[in-house]
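Engineer: Quick one, structure for this:
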Amino acid sequence: MAADTKAEFIRCPRCGQKTRTKVLPDTVLVEFPLFCPKCKRELVVSFRRGVLTSKAPAT
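Structural biologist: Numbering: from 1, shown residues only. Presented below is the predicted three-dimensional model:
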């Protein structure tokens with residue numbers, strides 16, 4: 001990993017707290033099940049080019 005790349009924790013789209021998942025700026029996630037330890041919910045998210053989008057989980 002180069003010194004200029006910065007990994008960041010994904011923040012929960014619901015409560016805004018950090019999750020335990022880290023991503024790099026060039027990471028691509030498609031329909032990723034993200035669990036938030038703070039609000040105890042699992043959300044389906046997509047991450048591309050530094051933008052996080054979420055959608056309601058299928059029931």
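Engineer: what's near enough to touch the residue nearest the centre of the chain?
Structural biologist: Closest to where the C-alpha atoms of the chain average out (Cα atoms, centre = their mean) is residue 10, at 3.9 Å. Counting by Cβ atoms under 8 Å, 6 or more residues apart in numbering, residue 10 touches 18, 19, 21, 22, 23, 34, 45, 47, 52. No exception for glycine: its C-beta is placed from N, CA and C like everyone else's.
Engineer: what's the straight distance from one end of stretch 14-30 to the other?
Structural biologist: 18 Å (Cα to Cα, to the nearest Å).
Engineer: May I see the buried residues of that stretch?
Structural biologist: By neighbour count on 16 or more other Cβ atoms under 10 Å, the buried set for stretch 14-30 is 19, 21, 23, 27, 29.
Engineer: now for the residues you listed, which pair is the farthest apart?
Structural biologist: Farthest pair in the buried residues of stretch 14-30 (Cβ to Cβ) is 19 and 27. Separation: 13.6 Å.
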